[in-house]
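Novice: Fold the following.
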Amino acid sequence: MKNKINDKEILRLFWQVSVPYRRRRNLAIFFAITTIVISIFVGPLVIAELLNIIQHNQLQTANNLWTLIVLYGASELCSTVIGWRLVLYLVWTFETALQRDLHSRCFSKLTNQTMFFHANKFGGSLVSQTNKLNGAVERFWDTIFWSILPLVISLAGSIIILSTLIWQYALFLFIFSIIFSIAVYFGSRPMAKLSEKEAKASNKVSGQLADMVSNILAVKSSGAESLEQNRFSKTVGSWRKASLGTMRGFLKVSTVYSTINTIIKIGAIAFAVYAAQHNLVSVASVYLIITYTGSVAHELWNMNGIMRSYNRIIGDAHEMVEILKTPTTLVDRSDKKLKIKRGGIVMDNVTFTHDEGQGDTLFHDFSLNIQPGEKIGLVGSSGSGKTTLTKLLLRFA
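Specialist: As a prediction, this is how the structure comes out:
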C-alpha cells in the first residue's frame, strides 16, 4: 500500500537528516547571516556617509574620511572574499554529509524490499528517484542559505534603515512586501502540481531507458527495437509536454511579478528625486532609498525563484520519500545469527498473500517439514504456489 505524504513530511525528513550535523548547520547559518549583514548594509552606509561629506564640502576638513574608506574595504574583504568562501565550505561539507546518509538510507530501503515491490517498479525509475531526492535535499538547503536568509535579512534591515529616514515610505514598502509575498505564495500553488507532474514524467523516461539497456538482449533477440523506440518516443513526448506546461505557467506568473518589480524600482527613484527637490532628504538619503529599495525589489523577485525551487524540490522528492515512509513488509525480527545445525526446512502455519497482502490468499496455515538430506518434488498446476514457495524459502517475498 502506498503511504501518501504531504509537503510537511518531506520538509520534516530534510530537517531530520540535518540533526546529526546541527553544529555545522548552525555555524553555516551564523556566518551566512553575518556575511549578508556586512555585504548588504555596511558598504552602502559607508558610501552614504562619504556622500554626506561631499555634499557639505567637508572633504578637506573631515577627520574620518580614511577611516570610512578603510571600513568599506574591510567590509568588502570580510564579506566577498572571506565570508562567502567560509559559508561555501560549511554548506558544501554539510550537504554532502546529508546526501551520503540519504544515499545509504535509500540503498538500505530498496535492498530490503520484496521481489513483488521490485517486479512492479522500473529499476531505472528507482535510481532516478533516489538521485532526485538527493538533489532535492541539496537544493532545499541551498535555497535556505543562498536565497531565504538573504531575503529575510535584506527585507528586515532595509525597512528598518529606511524607517529612520522616511518612516512613511518604509511603511509603504513593508505593506507592499507583505502583499507581494502573499501573491507569490498563492500564485505558486498551481505551479506545484505542474512541477510534480513534470518530475514523474522525467522519472518514467529514466526508468524506461534503464529498463531497455538492462534488457537489451531480450529486446534484440525478439526484434523489438522499433517497438521500444516508439514506446520511448511517446514517453519522452509526454515529458516534454509536462515540461512545456511548467514553462507556460512560470511565464505567466513571472510576467506579473517582474512588472510589479519594475514599477516599484521606478517609483523609488521618482520618490527619492521628489523628496530631494523639496529638501526632505539629503543626497546620501536618496542614495540609501534607491539602494535599499532596489535590494528589496531584487529579493522580492527572488521570492518567485524560491517558490519555483520549492515546487521542484517537493516534486523531485515526493516519490522516493513516499517509498521511504512506506513500512517494509518483509522484516527479519530475529537478532540471532543464522547457523545451519541440521539442514532441515520447517515451515509452521505459514499464511501468505500476494500483492503485499492485498491479493488472494495463496497459503493459509501451511506447514512443511523436510528432513536433512531428504529430496522432494513440488508438483502442482500453474499458479498453485510452487515458485512462491521457493521464494518464501529464500526470503524473496
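
Novice: now L133, what's its secondary structure?
Specialist: What DSSP: H, G, I helix; E, B strand; the rest coil gives for L133 is helix.

Novice: shift numbering so it begins at 31
Specialist: Okay, using 31 as the starting number, the last item reads as L163.

Novice: what helix or strand does the nearest residue to it once chain neighbours are set aside sit in?
Specialist: With CB to CB, 6 or more residues apart in numbering as the criterion, L163 has its nearest non-adjacent residue at 4.0 Å, and that residue is M350. C-beta: built from backbone N, CA, C; applies to glycine. Taking DSSP states H and E as the criterion, the element that holds M350 is helix 313-355.

Novice: Quickly list the domain ranges of this structure.
Specialist: With automatic domain parsing as the criterion, the domains of the chain are listed as 37-355, 375-423.

Novice: I'd like the mean pLDDT over the first one, please.
Specialist: If I follow you right, that is domain 37-355. With pLDDT averaged residue by residue, domain 37-355 scores 87.

Novice: Check the last one too.
Specialist: The average pLDDT for domain 375-423 rounds to 78.

Novice: now that domain: how far from the chain's centre is it?
Specialist: Here the centre of mass of C-alpha atoms in domain 375-423, compared against the chain's by CA atoms, centre = their mean, to the nearest Å, lies 44 Å away.

Novice: Kindly report the same for the first one.
Specialist: When C-alpha coordinates are averaged (CA atoms, centre = their mean), domain 37-355 and its chain have centres 10 Å apart.

Novice: and the end-to-end length of it?
Specialist: This stretch, domain 37-355, spans 13 Å end to end (CA to CA, to the nearest Å).

Novice: And for the shortest one?
Specialist: Across domain 375-423, the straight-line distance between its terminal residues is 9 Å, by CA to CA.

Novice: that older thread, might you report the residue contacts of the residue nearest to L163?
Specialist: C136, Q159, T160, K162, L163 (CB atoms under 8 Å, 6 or more residues apart in numbering).

Novice: same thing with I83?
Specialist: With contact set as CB under 8 Å, 6+ apart, I83 has these partners: L89, A92, L95.

Novice: Same check on F202?
Specialist: With CB under 8 Å, 6+ apart as the criterion, no residue contacts F202.

Novice: do that again at 10 Å, thanks
Specialist: Residues near F202 by CB atoms under 10 Å, 6 or more residues apart in numbering: I189, L192, I196, I294, G297, F301.

Novice: now that we have the residues you listed, which one has the most neighbours?
Specialist: Highest neighbour count within the contacts of F202, by other CB atoms under 10 Å: L192, with 25 neighbours.

Novice: Checking that one next. Helix, strand or coil?
Specialist: In three-state terms, and counting by three-state DSSP, L192 is helix.

Novice: so how far is Q85 from it?
Specialist: L192 is 19 Å from Q85, where distance means CB to CB, to the nearest Å.

Novice: ok, now T123?
Specialist: Noted for T123: a distance of 47 Å to Q85, by CB to CB.

Novice: Same check on H394?
Specialist: Using CB to CB, one obtains 92 Å as the distance from H394 to Q85.

Novice: same deal with I174?
Specialist: Using CB to CB, we find I174 at a distance of 40 Å from Q85.

Novice: All set now, cheers.
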